[in-house]
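Visitor: Sharing a model that was predicted from the sequence below.
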Amino acid sequence: STLPVNVTVTGAAGQIGYALLFRIASGQMLGPDVPVRLKMLEIPQGVKAAEGTAMELEDCAFPLLAGIDIYDDPKVAFDGVNVGLLVGARPRGAGMERGDLLAANGGIFGPQGAAINAGAADDVRILVVGNPANTNALIASAHAPDVPADRFNAMMRLDHNRALAQVAAKTSTPVGDITKVTIWGNHSAKQHPDLTQAVIAGRPATEVIGDDAWIKDDFVPTVAKRGAAIIDARGASSAASAANAAIAHVHDWVNGTPEGDWTSVAMPSDGSYGVPAGLVSSFPAVSKGGAWEIVQGLELDDYTRAGIDTSVAELVEERDAVQELGLL
Ligand code: NDP
């Protein structure tokens, strides 16, 4: 009886796409009663592999899967999109300068933003996963002037979940007992993971951990460099955990965050916490009525303030670089 939700996934034939599509089709992202129509976007070389994934999706006979289409043209892939997961991106090649990387991604996320502007549904929500995710989201949003900027998010949820996992392991606490962890800033090694507000089973996390040196010298770098550690161990970058985080992000955006907790979301700054307005930067956020609200009024100690400032400075540099390249 409910109309299917149009979900567009870019880079659909990639590693993350493969870990993501089956979970969307099974109802884990939007809920067990919400039918979905999958629109898979790939570059022409990726279309054949996407067709193989589509065959497997069919063979799962998911009751909620109302249709699958594969495209190599963003204009059609984003027509009518309600939820867009922008996963496909240009990875940094050997010897590639940052400017080349930003330019290559501008060539992907600019046209995708324009296609979203032209064809998206009124309730569209876009989550950028492909790196550099924050700046790619900024580029896409800049090319979609008719879509409210707050509908463009970049994914911090994997960093957030990595932080939860480290705290759980350190304190032998179930993950479900840990709340109010925050990742600030950019999805990069310069992110700022923050436990100053975190609570473990009703007690301040800093008190339970009781080891400031562990937080600064172990926790923060471990979370920030976890992606590289996974590549070392697995011989490939994290895919299932990235897909899991994307599912959780969109689920909470649409359905709300649990009472008494928040999550970490990169969204256009409104100037909160001194982050320049418009930068797509990560904040503690709750979702209410289908929209994110930045958690306000947190007191920042000097260490947190400095960590945020360092990460935001990197975002400013990225923004200035894409501006110079004419990508905004
Ligand atoms: P993955 O599916 O592994 O990764 C896709 C993107 O997600 C990369 O930019 C990657 O960044 C990023 N990412 C963000 N967070 C994480 C994380 N925590 N762990 C790992 N990756 C993360 O890449 P594949 O190469 O397997 O697949 C990419 C697909 O996208 C290919 O099939 C390609 O054809 C397609 N593509 C499609 C485009 C389009 O639809 N227009 C455009 C470009 C590519 P990082 O590189 O930094 O790890």
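Guide: Nice, thanks for sending it over.

Visitor: Around the ligand, pick out the residues from the stretch 201-328 of the chain.
Guide: The stretch 201-328 of the chain comes close to the ligand at residues 227, 237-239, 242, as judged by CB under 6 Å from any ligand atom. All C-beta spots, glycine's among them, are computed from the backbone N, C-alpha and C.

Visitor: mind listing which of those residues are in helices?
Guide: Judged by DSSP state H, these include 227, 242 as members of helices.

Visitor: how about the residues of the stretch 201-328 of the chain next to the ligand, which pair is most distant?
Guide: Gly227 and Ala239 (11.2 Å; CB to CB).

Visitor: rewinding a little: give me the buried entries from the residues of the stretch 201-328 of the chain next to the ligand.
Guide: 227, 238-239, 242 (16 or more other CB atoms under 10 Å).

Visitor: In a markdown table: those, plus distance to Gly110.
Guide: Shown next, in a markdown table, are these (distance: CB to CB, whole Å):
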| residue | distance to Gly110 |
| --- | --- |
| Gly227 | 26 |
| Ser238 | 27 |
| Ala239 | 26 |
| Ala242 | 23 |
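
Visitor: Any chance of TSV for these, columns pLDDT?
Guide: What follows is those, written out as TSV (pLDDT from 0 to 100):
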residue	pLDDT
Gly227	92
Ser238	94
Ala239	96
Ala242	98
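
Visitor: Can you classify Gly84 as helix, strand or coil?
Guide: State at Gly84, reduced to three classes by DSSP: H, G, I helix; E, B strand; the rest coil: strand.

Visitor: Retrieve the pLDDT associated with it.
Guide: We have a pLDDT of 99 for Gly84.

Visitor: domain assignment for this protein?
Guide: The record's domain parsing of the chain by automatic domain parsing lists 5-154, 157-318.

Visitor: quick one: Leu65 and His251, what's the gap?
Guide: Leu65 sits 17 Å away from His251, taking CB to CB, to the nearest Å as the criterion.

Visitor: what does Gly99 give?
Guide: In this view, Gly99 and His251 are 36 Å apart by CB to CB.

Visitor: Equivalent analysis for Ala25, please.
Guide: Between Ala25 and His251 the computed distance is 14 Å (CB to CB).

Visitor: Pick out whichever of those two has more residues nearby.
Guide: Legend: neighbour count by other CB atoms under 10 Å for Ala25 and His251, higher for Ala25 (23 against 17).

Visitor: before we move on, what SS does Thr257 have?
Guide: Assigned with three-state DSSP, Thr257 falls in the coil class.

Visitor: Let me fix that, I meant to ask about Thr2.
Guide: Following three-state DSSP, the label given to Thr2 is coil.

Visitor: That one - how many residues pack around it?
Guide: For Thr2, the neighbour count with other CB under 10 Å is 10.

Visitor: Contact partners for it?
Guide: Applying CB atoms under 8 Å, 6 or more residues apart in numbering, we find Thr2 in contact with 33-35.

Visitor: one more time with 10 Å, if that's ok
Guide: 31, 33-35, 64, 66 (CB atoms under 10 Å, 6 or more residues apart in numbering).

Visitor: Can you spell out which helices and strands pack onto the host helix or strand of Leu57?
Guide: Element membership for Leu57, per DSSP states H and E: helix 47-59. Helix 47-59 makes packing contacts with helix 15-26, strand 36-41, strand 65-71 when contacts are defined by 3 or more CB pairs under 10 Å, 6 or more residues apart in numbering; DSSP states H and E.

Visitor: Buried residues, that helix. List them.
Guide: By 16+ other CB under 10 Å, the buried positions in helix 47-59 come out as 47, 50, 53-54, 57.

Visitor: Show me where the stretch 101-250 of the chain has its helices.
Guide: Taking DSSP state H, counting those that start in this stretch as the test, the helices found in the stretch 101-250 of the chain are 133-142, 157-171, 205-209, 212-214, 220-224, 226-234, 240-255.

Visitor: Let's test this: mean pLDDT of the fifth one, rounded?
Guide: Right, the one you point to is helix 220-224. 97.

Visitor: And the contacts of that helix?
Guide: Contact partners of helix 220-224, identified using CB under 10 Å, 6+ apart, comprise 158-167, 169-170, 181, 183, 188-195, 214, 229, 303, 307, 311.

Visitor: export that helix as PDB, just CAs?
Guide: Below are the C-alpha coordinates for helix 220-224, written out as PDB (Å, rounded to 0.1, in the frame of the first residue of the first chain):
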ATOM      1  CA  VAL A 220      42.000   9.600  19.500                       C
ATOM      2  CA  PRO A 221      44.700   8.300  17.100                       C
ATOM      3  CA  THR A 222      43.300   4.800  17.000                       C
ATOM      4  CA  VAL A 223      39.800   6.100  15.900                       C
ATOM      5  CA  ALA A 224      41.300   8.600  13.500                       C
END
